[in-house]
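J.: structure here, sequence nowhere to be found:
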Ligand SMILES: Cc1cc2nc3c(=O)[nH]c(=O)nc-3n(C[C@H](O)[C@H](O)[C@H](O)COP(=O)(O)OP(=O)(O)OC[C@H]3O[C@@H](n4cnc5c(N)ncnc54)[C@H](O)[C@@H]3O)c2cc1C
């Protein structure tokens, strides 16, 4: 379906289409290699970056293309149609945005060009064993000692640390008890640090997760990891503030990736259904039991696409993060739910072949299903909508 894109957006989509066509047959191989050998396809990433695709959120003065969130969303959505998106694209883009929003300028000058040029891939670490949905309970702490921070604690479920050059770590700057004693607000008392995973005292242990898009998850242990003071993002004790608007961008990008995935699932299902003949000479695609669920997914996904684009456009217009959040959250939740349905229907349409890895559906199921849980769960989004959009009491 057509959308009222600008000429610039059309050209961008065309460029991503070309890139997607070139790499589409390698998607499965890339994921398998990353998962089994821990080797991330740097040639793929480099070509992606060379086209300006990873630096859309990074202004030109820092080496990016400065096209904005709508453009970054279109890039990932389009790439999703080729089954080529990687969580590292979303994580790196959101980390770059955090550095951009948090500063200081010296930090932006140092790291943003490296991200935009494809030289560095970044992971993101906020989740802890006792602080998943409630990040405020985190215990990992980074205290300043002269010209460095000393990082201690643990993170878990952190994606792609084995292939990342840096990890953006959200830590406390003081314990919760110290924060309370000082009468500081809940959002105070955080330090956001750029951490080199090769630093002494930085250990990682692989989790037994199924892996998303070929990427493994890790528990990280920080034992007196020294981080240079100049690798602090934003102000000391207030580092979490730049994160807030970044989360809207993260949710919008997660939704954009999902939109591309839905289109891919629909295409696979329709192509198969129109070919496969089981009874008489009609393909299974002629049966309404096969058609209707796919048609419903198409209608729902076009509606969700409007939400994704609205959230992205509001972000680029510099709207208040609190005004963007309802759209970004709803977009992420709806796309997540429709993606699950789309993948399930694509599997069902393929009969037994839906379980054959060669058709690429059963692997996609794990990636798709994850969206209901991460980066934010469906329940936490519904909590947000009930409380902040509908004005109902907080339930927890
Ligand atoms: C494959 C994978 C990759 C990941 N990658 C990263 C990463 O790169 N970086 C990172 O920091 N984290 C990552 N995560 C972590 C992910 O963001 C968390 O798993 C997610 O936020 C949920 O946190 P939790 O697992 O602690 O669940 P919990 O917070 O323990 O929640 C468990 C269940 O209870 C529900 N629940 C909790 N509180 C409420 C409430 N108040 N009301 C209603 N329901 C509630 C939740 O919705 C969920 O269904 C990843 C996770 C997975 C599985």
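T.: That came through fine. Just so it is clear, the model here is predicted, and its values are computed rather than measured. Numbers count the residues shown, from 1 in each chain.
J.: drop to CA atoms for contacts and neighbour counts, all remaining ones
T.: Will do.
J.: who's in contact with residue 116?
T.: Shown in contact with residue 116 (CA atoms under 8 Å, 6 or more residues apart in numbering): 49, 52, 54-55, 58, 62-64.
J.: which of those residues fall in helices?
T.: Among these, DSSP state H puts residue 49 in helices.
J.: and the contacts of residue 116, which is closest to the ligand?
T.: Checking these against the ligand by CA to the nearest ligand atom gives residue 54 as the nearest, at 17.5 Å.
J.: hmm, the closest one is touching residue 120, no?
T.: No. Contact between residue 54 and residue 120 fails when scored by CA atoms under 8 Å: they sit 10.6 Å apart.
J.: more crowded one of those two?
T.: residue 54 (27 against 19; other CA atoms under 10 Å).
J.: who's in contact with the more buried one?
T.: Taking CA under 8 Å, 6+ apart, we find residue 54 in contact with 48, 64, 72, 89, 92-93, 115-116, 118.
J.: at 6 Å instead, please
T.: By CA atoms under 6 Å, 6 or more residues apart in numbering, the contact set of residue 54 is residue 116.
J.: pLDDT below threshold where in the stretch 201-350 of the chain?
T.: Within the stretch 201-350 of the chain, no stretch has pLDDT under 70.
J.: turn the contacts of residue 116 into CSV, including pLDDT.
T.: Converted to CSV, the contacts of residue 116 look like this (pLDDT from 0 to 100):
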residue, pLDDT
49, 96
52, 94
54, 95
55, 94
58, 98
62, 98
63, 97
64, 97
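J.: residue of the stretch 1-150 of the chain with the smallest distance to the ligand?
T.: For the stretch 1-150 of the chain, CA to the nearest ligand atom, closest residue to the ligand: residue 132, 3.1 Å.
J.: any idea how many residues pack against that residue?
T.: So residue 132, with other CA under 10 Å, has 19 neighbours.
J.: can you give me the strands in the stretch 51-200 of the chain?
T.: 122-125, 141-145, 148-159, 166-172, 190-195 (DSSP state E, counting those that start in this stretch).
J.: those helices in the protein, which residues are they?
T.: Listed in chain order, the helices of the chain (DSSP H) span 7-23, 27-37, 42-50, 69-80, 87-102, 105-116, 176-181, 241-275, 288-316, 321-349, 361-370, 378-384.
J.: so how far is residue 42 from residue 145?
T.: The gap separating residue 145 from residue 42 is 36 Å, by CA to CA, to the nearest Å.
J.: can you check residue 3 too?
T.: For residue 3, the distance to residue 42 equals 33 Å [CA to CA].
J.: which of the two has more neighbours?
T.: Using other CA under 10 Å as the criterion, residue 3 and residue 42 rank with residue 42 on top: 14 against 7.
J.: and the residue lying farthest from the centre of the chain, how far from residue 252?
T.: Most distant residue from the mean C-alpha position of the chain: residue 280, 45.3 Å away (CA atoms, centre = their mean). According to CA to CA, residue 280 and residue 252 sit 45 Å apart.
J.: ok, residue 321 next?
T.: Residue 321 is 12 Å from residue 252, by CA to CA.
J.: what residues does the protein have near the ligand?
T.: Residues of the chain lying near the ligand by CA under 6 Å from any ligand atom: 124-127, 131-133, 157-159, 211-212, 373-377, 379-380, 396.
J.: break this protein down into its domains, please.
T.: Split into domains by automatic domain parsing, the chain comes to 7-120, 123-233, 241-389.
J.: re earlier: taking the residues of the chain next to the ligand, please make a ChimeraX selection of just the buried ones.
T.: Buried members of the residues of the chain next to the ligand, defined by 16 or more other CA atoms under 10 Å, are picked up in ChimeraX with:
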select :124,125,126,127,132,133,157,158,159,211,212,375,376,377
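J.: I'd say residue 226 and residue 150 touch.
T.: Yes. Residue 226 is in contact with residue 150 according to CA atoms under 6 Å; the separation is 4.9 Å.
J.: so for those two, which sits in the more crowded spot?
T.: Comparing residue 226 with residue 150 by other CA under 10 Å, the one with more neighbours is residue 226, at 23 against 18.
J.: who are the neighbours in contact with the more buried one?
T.: By CA under 6 Å, 6+ apart, the contact list for residue 226 reads 149-150.
J.: circling back: pick the most deeply packed of the helices of the chain.
T.: Of those, the one with the most neighbours on average (mean count of other CA atoms under 10 Å) is helix 69-80, at a mean of 26.
J.: which strands and helices lie in contact with that helix?
T.: For helix 69-80, the contact count by 3 or more CA pairs under 6 Å, 6 or more residues apart in numbering; DSSP states H and E identifies helix 241-275, helix 288-316 as packing neighbours.
J.: and it, how far from the chain's centre?
T.: Centroid separation for helix 69-80 versus its chain: 12 Å, with CA atoms, centre = their mean, to the nearest Å.
J.: and what of stretch 383-395?
T.: The chain centre lies 25 Å from the centre of stretch 383-395; the measure is CA atoms, centre = their mean.
J.: okay, buried residues for it please.
T.: Buried residues in stretch 383-395, counted by 16+ other CA under 10 Å: 383-385.
J.: and it, end to end?
T.: Stretch 383-395: ends 8 Å apart by CA to CA.
J.: for the remainder of this discussion, apply numbering that starts at 34.
T.: Noted, 34 is the first residue going forward, which turns the last one into stretch 416-428.
J.: just want the most central residue of this structure.
T.: residue 123 (3.8 Å).
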